[in-house]
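# Here's a sequence, model it:
(one chain, ligands or ions: 3)
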Amino acid sequence: NKPIRLCNYFFVTGGPGSGKGTQCEKIVAKYGYTHLSTGDLLRAEVTAGSERGKKLTAIMERGELVPLETVLDMLKDAMIAQSDKAKGFLIDGYPREVQYCNKSSCGPQIGPPTLLLYIDAAAETMVKRLLKRGQTSGRADDNEETIRNRLSTYYSATEPVIGFYEKRGIVRKVMGFAKGVSIYQEKKAQSPHTFHLSGDSPTRAESSSD
Ligand SMILES: Nc1nc2c(ncn2[C@@H]2O[C@H](COP(=O)(O)OP(=O)(O)OP(=O)(O)O)[C@@H](O)[C@H]2O)c(=O)[nH]1
Ligand SMILES: Nc1ccn([C@@H]2O[C@H](COP(=O)(O)OP(=O)(O)O)[C@@H](O)[C@H]2O)c(=O)n1
Ligand SMILES: [Mg+2]
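Ligands and ions are numbered 1, 2, ... in the order given. Have a look, this model is predicted:
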């Protein structure tokens, strides 16, 4: 069993359609970190058509959470496969439940993150984006009913994760606008937990035409 080389890794959280994948792409372009989306890993398993994939399909189409062991297995394999060349990892969409966070570890197999990056967006913005994405994404969960369930799962199960890491001082809010600033630099005039990456517009205050 090859050990995972120690490096920076960041959890990336936010509601469905908040822009986790979009912001991760910007961070990859700027910092060269390796992006692992747990949702994408699960969808790859579904596409592969394995027995495990078939069970996942039903859960994901309901907008519920798949068992933690499944996610961790896939995540661990993906991290090991890339650990030689990765400068750091962006783990997008994990963890989803506060019960798996504790003082020293988050999940039984991977340690606490360097930082938790939190992508904030209003529910109505997320719904609008996902309905639009659903016109072309082919994602079985980009439909109105599942989006509603994903939002409710997010607010009840996942949002408390932010509070957990906030108490430990490692939450950084990512705003998808303004010109790029270093991931570690925070302007004095801004909230100490906010940093900016280049992007198009504020996720909170987007215009209604957006
Ligand atoms: N207008 C606008 N659209 C955005 C922004 N960020 C993301 N989007 C769009 O919103 C949709 C969702 O973005 P993703 O990056 O896939 O969001 P996600 O959080 O990874 O979503 P899930 O995979 O469902 O968790 C996509 O269609 C993006 O193109 C933004 O800053 N502004
Ligand atoms: N760590 C994870 C990631 C995704 N998932 C499942 O995969 C679906 C899609 O995840 P995603 O991160 O791509 O998308 P969002 O639901 O965040 O928009 C979720 O609704 C869950 O069913 C999970 O259970 N656990
Ligand atoms: Mg995504």
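
# CA atoms for contacts and neighbours, from now on please.
Noted.

# Which of the helices or strands spans the nearest residue in space to Tyr94 that is not next to it in sequence?
Excluding the flanking residues, the one nearest Tyr94 by Cα to Cα, 6 or more residues apart in numbering is Phe11, at 6.2 Å. Phe11 belongs to strand 8-14 when assigned by DSSP states H and E.

# Could you identify the helix or strand that succeeds that strand?
Next along from strand 8-14, by DSSP H and E: helix 20-31.

# now that next one, how far from the centre of its chain.
Relative to the centre of its chain, helix 20-31 is centred 11 Å away, using Cα atoms, centre = their mean, to the nearest Å.

# Flag every buried residue along it.
By neighbour count with 16 or more other Cα atoms under 10 Å, helix 20-31 contains the buried residues 20-21, 23-27.

# What of stretch 29-39?
33-38.

# what do you get for stretch 145-155?
Within stretch 145-155, the residues that qualify as buried are 146-154, counting by 16+ other Cα under 10 Å.

# What is the helix or strand encompassing Phe89 packed up against?
Following DSSP H and E, one finds Phe89 within strand 88-92. Counting contacts by 3 or more Cα pairs under 8 Å, 6 or more residues apart in numbering; DSSP states H and E, strand 88-92 is packed against strand 8-14, helix 20-31, strand 34-37, helix 38-48.

# again, only using 6 Å
In terms of contacts (3 or more Cα pairs under 6 Å, 6 or more residues apart in numbering; DSSP states H and E), strand 88-92 is packed against strand 8-14, strand 34-37.

# could I get those strands as JSON lines with distance to Ala123 and mean pLDDT?
Formatted as JSON lines, the helices and strands packed on strand 88-92 follow (distance: least, Cα to Cα, whole Å; pLDDT from 0 to 100):
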{"stretch": "strand 8-14", "distance to Ala123": "11", "mean pLDDT": "90"}
{"stretch": "strand 34-37", "distance to Ala123": "21", "mean pLDDT": "96"}
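
# which ones among the buried residues of stretch 29-39 come in contact with ligand 2?
Thr38 (Cα under 6 Å from any ligand atom).

# what are the ranges of the helices in this structure?
20-31, 38-48, 51-62, 68-82, 123-137, 144-153, 159-166 (DSSP state H).

# Ligand 1 is nearest to which of those helices?
Nearest to ligand 1, of all these, is helix 20-31, at 3.6 Å by Cα to the nearest ligand atom.
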